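> Build the 3D model from these lines:
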Amino acid sequence: MADPLLRLEGVTKHFGPTVALDGLSLEVQRGEFVALLGGSGSGKSTLLRLVAGFEAPDAGRILLEGRDLTGLPPHQRPVSMMFQSYALFPHLSVFDNVAYGLRREGLGRAEIGRRVAEALAMVRLQGMERRKPHQLSGGQRQRVALVRSLVKRPPLLLLDEPLGALDAGLRERTGFELRAVQRATRAAFVMVTHDQAEALALADRVAVLEAGRLAQYGPPQELYDRPATRFVAGFLGAANLLEGRVGPDGAVECPSAGCSLRLSEPPPRRPGEALTVALRPERIRLLDQGEALPPANAASGVLRDLAYRGEGWVALVALSGGQVLRVVLPGVASPPPPGSPVALAWAAEANIPLAD
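Model prediction:
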C-alpha cells in the first residue's frame with residue numbers, strides 16, 4: 001500500500017482528568033473516504049480538531065504527507081474543515097462565501113470566478129450565486145459549505161456531522177451527493193458521524209472508537225460481517241450477543257438462549273472456555289409451522305413484540321433460556337401475533353465468535 005496521506009501515531013489527548021484519546025494510531029490513504037464512528041465521548045470529534053489544529057495533542061504525532069503538523073496553526077495546514085453548523089457568512093452571497101478563501105490567498109479575479117463557477121456547477125447551484133444563505137434550503141446551504149471547503153483544493157477535508165442538520169428524507173440523497181463530490185475531487189474525506197447507516201453507506205473504511213481507543217478499523221462490510229469485539233458487534237448494527245462455553249465437540253453451549261451453536265470454523269477457544277458469539281438479527285429466519293427444529297443453530301421461544309419498519313418487521317423473541325433475540329423479518333406479510341410460540345434457525349456462518 002502507498003504511503004498514507006494522514007498518519008496518526010500514538011496520539012493522546014487529555015482534558016483535565018478525562019482521557020479523550022488514548023494512544024490512538026490511524027492511517028488515511030489519498031482519496032479515501034473514512035468515517036469516524038462511536039458513541040458520545042469516544043473521541044471522534046477530538047480527533048478531528050487535533051488534525052485541524054484547533055487542539056494540540058499531549059503525546060504522539062500527526063503527519064500529513066509525511067510532514068509533522070505539530071505546532072502549525074490551523075490556517076497553515078493544508079486541511080479544510082466543514083462544521084455541522086456550516087458556518088456560512090450570513091451577510092455574504094453564495095459566490096462570496098465560496099470565494100472567501102481564494103481571495104485570502106490572493107488569487108486573481110478571473111481565476112476566482114472560474115474556480116467558484118466550477119465548484120457551484122459540481123453541486124448544481126448555478127444561478128444561485130447572488131443569493132444569501134437565508135434564501136437557501138438546508139440542503140443547498142450544506143452544498144455551499146462543502147464546496148467552500150473544497151474550492152482551495154485541499155488534499156484532506158474534515159467533516160463534523162455534515163448531514164446532521166438535515167431531515168431524514170434529505171440525508172440519504174445528500175449523502176450520495178457528498179460521496180459523488182468526494183470522488184470527483186479525489187480529496188480524502190474524514191467524517192465524524194453518529195449514524196451507523198451513514199458510515200456504512202458512504203465510507204471506504206470505518207473507524208469505530210471506544211473510550212478514546214480504536215476498537216476496529218476496516219471496510220464497512222468487514223466490520224459488519226466480522227466485528228472483532230462485543231462493543232463493535234453491539235454498536236454497529238445491534239447484533240444479538242450469545243454467551244456460552246465451548247464444549248468438547250467444538251459446539252458452543254448457550255444456556256441463556258437454550259441452544260447449541262455450531263461455528264463455520266473451529267472455535268477460537270479451548271473446550272470449557274467462555275466464548276461470546278454475535279448473531280445479526282437479519283440472519284435469523286422464522287421456521288414454518290411444523291418445520292423440525294435443527295439440533296444446532298436453532299432456538300424456540302415466544303414472540304414478545306413486533307414493530308413494522310417498512311421493508312419488514314422487527315421482532316423480539318423471548319427464548320426458552322430467558323434471553324431475548326432481536327429478529328428482522330424482511331418480506332413477511334403477516335407474522336404471528338405477539339404471544340405466539342415460534343421457532344428460529346440460522347446458518348453456521350451467521351455465528352461470529354468475538355475476541356472479548
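> Summarise which helices and strands the longest helix seen in the chain is packed against.
For the chain, the helix that runs over the most residues, judged by DSSP state H, is helix 168-185. Contacts defined by 3 or more Cβ pairs under 8 Å, 6 or more residues apart in numbering; DSSP states H and E place helix 168-185 against helix 109-122, helix 138-150, helix 196-202. For every residue, glycine as well, the C-beta is placed using N, CA and C.
> any idea which of those is most buried?
helix 138-150 (a mean of 22; mean count of other Cβ atoms under 10 Å).
> List the buried residues for the lowest-mean-pLDDT helix or strand in the chain?
One helix or strand of the chain scores below all others by mean pLDDT, DSSP states H and E: helix 168-185, with a mean of 80. For helix 168-185, a neighbour-count test (16 or more other Cβ atoms under 10 Å) marks 171, 174, 175, 177, 178, 179, 181, 182, 185 as buried.
> For the residues you listed, give me JSON lines that also has distance to residue 297.
Shown next, in JSON lines, are these (distance: Cβ to Cβ, whole Å):
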{"residue": "171", "distance to residue 297": "36"}
{"residue": "174", "distance to residue 297": "41"}
{"residue": "175", "distance to residue 297": "36"}
{"residue": "177", "distance to residue 297": "42"}
{"residue": "178", "distance to residue 297": "40"}
{"residue": "179", "distance to residue 297": "37"}
{"residue": "181", "distance to residue 297": "44"}
{"residue": "182", "distance to residue 297": "40"}
{"residue": "185", "distance to residue 297": "47"}
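> Sort out which residues of stretch 34-54 are buried, please.
Applying a neighbour-count criterion of 16+ other Cβ under 10 Å, one finds 34-38, 42-53 buried in stretch 34-54.
> ok, now stretch 59-76?
60, 62, 63, 64, 69.
> check contacts around residue 88.
Counting by Cβ atoms under 8 Å, 6 or more residues apart in numbering, residue 88 makes contact with 97, 133, 141, 144, 145, 148.
> separation between the first one and residue 164?
Spelled out, it's residue 97. Between residue 97 and residue 164 the computed distance is 20 Å (Cβ to Cβ, to the nearest Å).
> what's in contact with stretch 307-315?
Contacts of stretch 307-315 (Cβ under 8 Å, 6+ apart): 281, 286, 303, 305-306, 326-332, 335.
> okay, now the residue nearest to residue 6 when sequence neighbours are not counted: neighbour count?
Distances taken as Cβ to Cβ, 6 or more residues apart in numbering put residue 28 closest to residue 6, at 4.1 Å, once the chain neighbours are dropped. Neighbour count for residue 28, taken as other Cβ atoms under 10 Å: 22.
> For residue 28, report the pLDDT, please.
Residue 28 carries a pLDDT value of 97.
> Kindly report the domain assignment for this protein.
The chain breaks down by automatic domain parsing into domains covering 6-230, 238-353.
> Of the ones you listed, flag the one that's most buried.
domain 6-230 (a mean of 18).
> and residue 41, what is it in contact with?
Going by Cβ under 8 Å, 6+ apart, the list of residues near residue 41 reads 20, 211.
> Read off the pLDDT value for it.
88.
> tell me which of the contacts of stretch 307-315 is nearest to residue 243?
residue 326 (15.6 Å; Cβ to Cβ).
> Looks like that closest one contacts residue 281 (just checking).
Yes. Counting by Cβ atoms under 8 Å, residue 326 touches residue 281, with 4.5 Å between them.
> on that earlier part again, put the alpha carbons of the longest helix of the chain into CSV.
Listed next in CSV are the C-alpha coordinates belonging to helix 168-185 (Å, rounded to 0.1, in the frame of the first residue of the first chain):
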residue,chain,number,x,y,z
ALA,A,168,-34.3,12.2,7.3
GLY,A,169,-35.7,12.5,3.8
LEU,A,170,-32.8,14.7,2.6
ARG,A,171,-30.0,12.9,4.4
GLU,A,172,-29.7,9.9,2.1
ARG,A,173,-29.9,11.9,-1.1
THR,A,174,-27.4,14.5,0.2
GLY,A,175,-25.1,11.7,1.4
PHE,A,176,-24.9,10.3,-2.2
GLU,A,177,-24.1,13.8,-3.4
LEU,A,178,-21.4,14.1,-0.8
ARG,A,179,-19.8,10.8,-2.0
ALA,A,180,-20.0,11.9,-5.7
VAL,A,181,-18.2,15.2,-4.9
GLN,A,182,-15.5,13.3,-3.0
ARG,A,183,-14.9,11.0,-5.9
ALA,A,184,-14.9,13.9,-8.4
THR,A,185,-12.3,15.9,-6.3
